[in-house]
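Enquirer: fold the following and give me the result.
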Amino acid sequence: MPPTTGLRARMRAELTAEIKEEARRQMAADGAPGLSLRAVTRSLGMASSAIYRYFPTRDDLLTALIIDAYDAIGAAAEEADADRQPPTAEVIGRAVGVAVRSWSLDNPHEYALVYGSPVPGYRAPQDTVGPASRVTLAMARIVDGAARAGSLDDPPWASPLVPGVDVADSVRTLVDLALPHASAETAVRAVAAWTQVFGIISFELFGQFHRVIDDVSPVFERALLEMGRMVGLPAPWSDTDGTAVPSGGSGGRPPDGEDEDWYLV
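Expert: Take a look at the predicted model:
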C-alpha cells in the first residue's frame, strides 16, 4: 500500500472510531432513538455533510454500533469458553455466563442497544446476523459438546415433549445449526436456559430487582448452576454417570474446603 493510501486509511479508521465513540456517548445520554448524525457532527466539530462519507444514514451508524456490541459480547463469551480449566461443560458454562454478565454490566448502553427495546423504524440488516450469533453459538457449543461426549443427562424432573405439540419441528433449524448432537428435548431446554441468562441480566440492568434483590451476583451464579442442570449438564459433586450424590453425608453439600457450588437435585 502506498504511504499516502495507508495514511488515508488510518485517518479514515480513526475518524470512524471517533464518530462511533461520540454516538455511544449520545446514546448513553439520550437513548438509541435519539441518535442524530447532525448532533454527532456538531459535537465533533465536523461539517454537517462530512459524516455522510462515513455513514450515509443514521441507520448505517446504528448498524455499525450494533455489530460492534454483538462482536464485543461474543468475544467475551468465546474467551471464557477457550480459557477455562478444567474444560468441563459445567465449568465452562458458568464461566461463559459470568463473562456475558460482566460485559453487560460494564457496557449497559451497548447491551440495551442489542437486547433492549427495538429502535423505532430501524430494521437490522443481514450484516448483523453473524455477530449476533457469536454469543449464542458459544453457549450452544457447551451443550453440543457435552451431548457429543455423552455426558448430558436428562434432569430428574424431565418429561418427554408433549405428544401432539410439534416442538421438535420448531427447533429443527436450531439443532441443525448449533446443536447437531443434541435431542429436540435438550434443544428446548437450552433455549429456556439461554433466554433466562439474558432475562436475569436485563432485570438487573433495567432495575427490576430494585428493592427486591440487593446482591445479584450470588443469585445469578446459582441460577447458572440450576440452568446447567436443567439442560442436562453434569451436576457438581456427582458420580461418573452424572447423577448427583451427597458428599460425606452432607445432604448434597460439597466437600469441606470446596466452593459451595452445587445443584438443587
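Enquirer: wait, doesn't T136 sit right on V197?
Expert: No: applying Cβ atoms under 8 Å, one finds T136 not in contact with V197, separated by 10.5 Å. The C-beta positions use only the backbone N, C-alpha and C, and glycine is treated the same way.
Enquirer: quick one, which of these two is more surrounded?
Expert: Neighbour count, other Cβ atoms under 10 Å: between T136 and V197, V197 has more, with 21 against 18.
Enquirer: buried residues in the strand or helix carrying that one?
Expert: In the assignment (DSSP states H and E), V197 maps to helix 184-205. Burial within helix 184-205, assessed by neighbour count using 16 or more other Cβ atoms under 10 Å, is assigned to 184-191, 193-194, 196-197, 200-205.
Enquirer: tell me what the next helix-or-strand element following that helix is packed against?
Expert: As assigned by DSSP H and E, the chain's next helix or strand after helix 184-205 is helix 216-231. Secondary-structure packing of helix 216-231 (3 or more Cβ pairs under 8 Å, 6 or more residues apart in numbering; DSSP states H and E): helix 89-106, helix 184-205.
Enquirer: show me where pLDDT drops low in the stretch 51-200 of the chain?
Expert: Along the stretch 51-200 of the chain, segments meeting pLDDT under 70 span 83-89, 156-166.
Enquirer: what segments of it are strands?
Expert: With strands called from DSSP state E, counting those that start in this stretch, the stretch 51-200 of the chain shows none.
Enquirer: list the contacts of the closest residue to A99 other than its chain neighbours.
Expert: Leaving aside its sequence neighbours, A99 sits nearest to A80 (Cβ to Cβ, 6 or more residues apart in numbering; 3.7 Å). With contact set as Cβ atoms under 8 Å, 6 or more residues apart in numbering, A80 has these partners: I92, A95, V96, V98, A99, A138.
Enquirer: of those, just say which sits nearest to L152.
Expert: Closest approach between these and L152, by Cβ to Cβ: I92, at 13.8 Å.
Enquirer: picking that back up, dump the helices and strands packed on helix 216-231 to CSV, plus distance to S170.
Expert: Formatted as CSV, the helices and strands packed on helix 216-231 follow (distance: least, Cβ to Cβ, whole Å):
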stretch, distance to S170
helix 89-106, 24
helix 184-205, 8
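Enquirer: and the ones you listed: which comes nearest G145?
Expert: Across these, G145 has its closest neighbour in helix 89-106 (6.3 Å, Cβ to Cβ).
Enquirer: please point out which parts of the closest one sit buried.
Expert: Neighbour-count burial for helix 89-106 [16+ other Cβ under 10 Å]: 89-101, 103-104.
Enquirer: what's in contact with stretch 102-116?
Expert: For stretch 102-116, contacts defined as Cβ under 8 Å, 6+ apart pick out 24, 27-28, 32, 62, 65-66, 68-70, 72-73, 76, 119, 132, 198, 201-202, 204-206.
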